[in-house]
Structure formats: structure tokens, C-alpha cells
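> Need coordinates for the following:
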Amino acid sequence: MYDLAIIGGGIIGLSTAMALGQRYPDAKIMVLEKESSWAAHQTGNNSGVIHSGIYYKPGSFKARFCYEGNRSMVAFCQKHGIDYDICGKVIVATEPEELPLLDTLYQRGLENGIEIAKITGEEVKEIEPHVHCLAGIRVYSTGIVNYKQVCEKYVELVRVQGGDLRLNSKVEQILETGDGLVLETNNGNYPTRFVINCAGLHSDRIAKLGDAEPPAKIVPFRGEYYELKPEKRYLVKDLIYPVPNPNFPFLGVHFTRMIDGSVHAGPNAVLSFKREGYRKTDFDLRDFVEVMSYPGFWKLAVKHGDAGIQEIIRSFSKAAFVKSLQRLIPEIQADDLVPTHAGVRAQALKNDGKLVDDFLIVNSPKAMHVCNAPSPGATASLEIGNAIASEIPTLKTLERVI
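Next up is the predicted model:
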């Protein structure tokens, strides 16, 4: 009998296991991951940015956890010798109509307590010489890291704490017993007193297996990237972002220098026909039917139809993708870019067509379900893990701590 079982071996599941081991050193803790490696999906395919928290609604969990997570992630990397770089980034307005949006974003950053500065187009060029813009924001605390390396250290620390880490273990059923739950997997059955669901792209399905009813469904959005050829990396020094469209839930294509020195351009945001569909041709009938039969998806599609069509065009047309990048760096050419990895984002969508804009946790008597933890989930992973550990039932009484 395990005291605590975590489903999902991405950065949130692993940070939660680590936080629980620190809080309950005598507890018997396990992590179940269906893949053959840790951090195989969202964590392992993201852009590696240590976010500042400038975009998020003041007072939200995202804003608070990201602000604190930026600092705790840097401290963690320093302590454990993980390569990182607080290089900063610029967010730039390229059209006159974007200038008021830039001002609004600047005020939000100030409200969130972030060290930022408004700069002119000429000052942007001093930081990123090849950028064309009218004005920008300098965000000093943004950085880059390899989150797979972070997860490798999380795994090492969980093992040192005595945690039981099991790969190739897909949870297929959750059965309730008198003193807890039994997790039935393809690799054995595991009784546990309490479950924390950190299953990412499958978190809503795991919640339903545990007789919880999440108020949103996971809809997968694929983000596709190009990479600058090595001889063109000089065009981007660090991180360059456009002013986000306030009516669209994604940040728009941008340039990111990775910790290995490569420069990635993207992502777009297109509906994936498979929850783990990293290629355009990937298709899963169950995943497809669930999205197509979900009223929330069609309400979202009506609201953001024009923007969605543009994202699809960018997915199939390199020329269209390059054109969007040329708004930031006009001298970028199609021959400068080669396709690289894609990621799939687990976005929680409500029945009314509204995207869940903050972290979402659904509780049941013997389980806690993390049903939405998109970006800045990796940046904030230590804070999220600690928050989850502080709110689970005590091991002795199964009464709520909070």
C-alpha cells in the first residue's frame, strides 16, 4: 500500500513527488508514467523559457506562481549545476495599433512586480540589431534552460528520498477500496491511499476514471517550430516576442535562443487530431471525435475563427510562416529556416467555449486532479509541487490540511 501515488512523469508530477517526499519523508510515494522515459510530452517539447510572469492576470495563480517560480527555478539550477541563462527578452510592437497593447502589457508587468523597462525602437536595436519595431519592453528576468535536464535532477532527488518511480506503467482503471484506491495499469496493480493526477494531455480522462467531473475538457493544440540554420543564428541574440493579440489565447510566433545555442522560431497553434499528435498526419479517432462533438470547441472556433484559419495556413505554408516572422526580423528568408520539433499543448476548454486561463485543480475525497497547468507550468513547477503538497490530506487522518 502506497501512501501517495502520482500519475504522470512530466515536470509537474515529478516536482510534486519531490515536494511530497520533502514534506512527508516517511511516506511511501510512487510515480507512474506510461512512457519509457520521463518528461516525454509537454515538458520535453517546450521552448525551454524561464518565464517572468508579465502576461498573466494580476492576482492569478499563474502570475503568483510564475513570479515565485522564476526565482526558485534559478536557485534550483544554481544549486544543482544545471545550465541556464537569464538573458532577458524583448516584446516589440511592429505596427502603430500595437502601441496601446504594449502600454497595457507594460502596466500589467508592473502590477505583477516584474523588473521591466519601456524602450524605443532604437533601443531595441541595441539589444537585437536585426529587429524592426516601433517600441518595445525589456523583460530582464526571462531566461532559458533545458527542462528535461531539470526533470532528470527531480528524478534523482525523488529516488534519493526513497520514492518509487515506474516507467511503462499506463493507468487504465481506478478502483475505490475501503482504505484508498487501486490503480490498475498495464504493468501491475498498485493500491494507494491518495492519488495526485498530473497526467497532462490525459488529465481529464484520468479524473473521470477517478469519478471526478472536471469542468473542462482537454483540447490539444500543436505548436510547430522552425530552426534557424547555424550560419543565421547571428540574427537573434536572445528572445524576441511580438505583442500578443489580446483576443487570441496564444502568444504568436517568436524567436527563442535555446540553452544549446540553437534558435527556434514559432510556435503556431493548430488543433491536433491526436492528443499526442506531433505530426500533421497524426490521427486518433477517439481524440478527434471527442473534440468534434464538444460544444465548447465549436464556440471557441466561432469566436476565434479568423485567427484559427491563419494558424492553419501557417502550418501548411512555410511562406506564410516566414512572413509572420519577417514582421519581427525583415531579413529572415525561407532558406534560413529548417523544420524542427513540434509540441502539443494540453489546453483546458470549458463547455461555453472559454479557455481555462489559470491553473485548474479538481478535488475528490481520495484524489487531487491537476486538470490545467500549461505555460508557465514548467517555470512554476517547484511552486506548483509545493502548493499541491501543502493541500493534500494529512497522511494520518485524510482530513484537509487547507
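
> Got phi/psi on residue 110?
phi -60, psi -40 (degrees, to the nearest 10).

> oh, and call the first residue 501 from now on, that's how I've got it
Done: numbering now begins at 501, and the last item shifts to residue 610.

> which ones are touching it?
Counting by CB atoms under 8 Å, 6 or more residues apart in numbering, residue 610 touches residue 616. No exception for glycine: its C-beta is placed from N, CA and C like everyone else's.

> how close does it get to residue 554?
Distance of residue 610 to residue 554, given as CB to CB, to the nearest Å: 9 Å.

> what sits in contact with each of these two?
Between them, residue 610 and residue 554 share the contacting residues residue 616, judged by CB under 8 Å, 6+ apart.

> Residue 715: neighbouring residues, count only.
13 (other CB atoms under 10 Å).

> does it really touch residue 850, like I thought?
Yes: taking contacts as CB atoms under 8 Å, residue 715 lies within contact range of residue 850: 6.4 Å.

> can you list the residues that contact stretch 827-836?
Here stretch 827-836 has contacts from 592, 594, 630-633, 728-729, 732, 735-736, 740, 742, 754-755, 765, 818-819, 822, 825-826, using CB under 8 Å, 6+ apart.

> how does it look with 7 Å?
The contact list for stretch 827-836 (CB atoms under 7 Å, 6 or more residues apart in numbering) reads 592, 594, 630-632, 728-729, 732, 735, 740, 742, 755, 818-819, 822, 825-826.

> Filter these down to the ones in helices?
Among the contacts of stretch 827-836, the members falling in helices (DSSP state H) are 818-819, 822, 825-826.

> Who wins on neighbours among these?
Within the ones in helices among the contacts of stretch 827-836, residue 825 tops the neighbour count with 24 neighbours, counted by other CB under 10 Å.

> The closest residue to it other than its chain neighbours in helix, strand or coil?
Leaving aside its chain neighbours, residue 825 sits nearest to residue 832 (5.1 Å; criterion: CB to CB, 6 or more residues apart in numbering). The three-state label given to residue 832 by DSSP: H, G, I helix; E, B strand; the rest coil is coil.

> now swap in residue 815 and tell me
Residue 815 ends up helix, using three-state DSSP.

> State the distance from it to residue 711.
According to CB to CB, residue 815 stands 38 Å off from residue 711.

> which one of the two has more residues nearby?
Taking neighbours as other CB under 10 Å, residue 815 and residue 711 compare with residue 815 leading, 20 against 13.

> Report the contact partners of the more buried one.
By CB under 7 Å, 6+ apart, the neighbours of residue 815 are 724, 768, 770, 780.

> helix/strand/coil for residue 690?
When classified by three-state DSSP, residue 690 comes out as strand.

> re the thing from before, show the pLDDT at the residue nearest to residue 825.
pLDDT, residue 832: 97.

> Could you tell me how many residues sit around it?
Residues within reach of residue 832, counting by other CB under 10 Å, total 23.

> now the angle from the helix or strand where residue 847 lies to helix 818-826?
Following DSSP states H and E, one finds residue 847 within strand 837-850. Put simply, strand 837-850 runs at 80 degrees to helix 818-826, going by axes from the mean of the first three to the mean of the last three CA atoms, to 10 degrees.

> list the buried ones in strand 837-850?
Neighbour-count burial for strand 837-850, counted by 16 or more other CB atoms under 10 Å, picks out 837, 842-850.

> helices and strands around the following helix or strand past it, which ones?
Sequence order places strand 860-864 as the next helix or strand after strand 837-850, per DSSP H and E. With contacts taken as 3 or more CB pairs under 7 Å, 6 or more residues apart in numbering; DSSP states H and E, strand 860-864 sits against strand 867-872.

> and the strand it packs on, which strands flank it?
Pairing partners of strand 867-872, with direction, according to DSSP bridges: strand 688-697 (parallel), strand 860-864 (antiparallel).

> All the helices of the stretch 651-800 of the chain, residue numbers only.
For the stretch 651-800 of the chain, the helices defined by DSSP state H, counting those that start in this stretch occupy 703-709, 785-792, 795-803.

> Dump the shortest one to PDB, restricted to CA.
The C-alpha coordinates for helix 703-709 follow below in PDB (Å, rounded to 0.1, in the frame of the first residue of the first chain):
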ATOM      1  CA  SER A 703      -5.600  14.600 -17.100                       C
ATOM      2  CA  ASP A 704      -9.400  15.000 -17.700                       C
ATOM      3  CA  ARG A 705      -9.700  11.300 -18.600                       C
ATOM      4  CA  ILE A 706      -7.800  10.200 -15.500                       C
ATOM      5  CA  ALA A 707     -10.000  12.500 -13.500                       C
ATOM      6  CA  LYS A 708     -13.100  10.700 -14.900                       C
ATOM      7  CA  LEU A 709     -11.500   7.300 -14.100                       C
END
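
> In that helix, which residues are buried?
Per 16+ other CB under 10 Å, helix 703-709 contains these buried residues: 703-707, 709.

> Show me what that helix is packed against.
With contacts taken as 3+ CB pairs under 7 Å, 6+ apart, helix 703-709 sits against strand 671-677, strand 688-697, strand 716-728, strand 867-872.

> For the longest one, buried residues please.
If I follow you right, that is strand 716-728. 716-728.

> Could you do the second one as well?
Along strand 688-697, these residues count as buried under the neighbour rule (16+ other CB under 10 Å): 690, 692-697.

> between those, which is closest to residue 759?
Nearest to residue 759 among the buried residues of strand 688-697: residue 696, at 29.1 Å, using CB to CB.

> so residue 504, which of the three states?
Applying three-state DSSP: residue 504 is strand.

> For it, grab the count of nearby residues.
25.

> Name the nearest residue to it, sequence neighbours excluded.
residue 529 (4.8 Å).

> is it true that the one you found touches residue 666?
No: between residue 529 and residue 666 there is no contact under CB atoms under 7 Å: 11.5 Å.

> In terms of neighbours, single out the busier of those two.
Legend: neighbour count by other CB under 10 Å for residue 529 and residue 666, higher for residue 529 (24 against 16).

> mind checking how far residue 789 is from residue 815?
Computed with CB to CB, the distance linking residue 789 and residue 815 is 22 Å.
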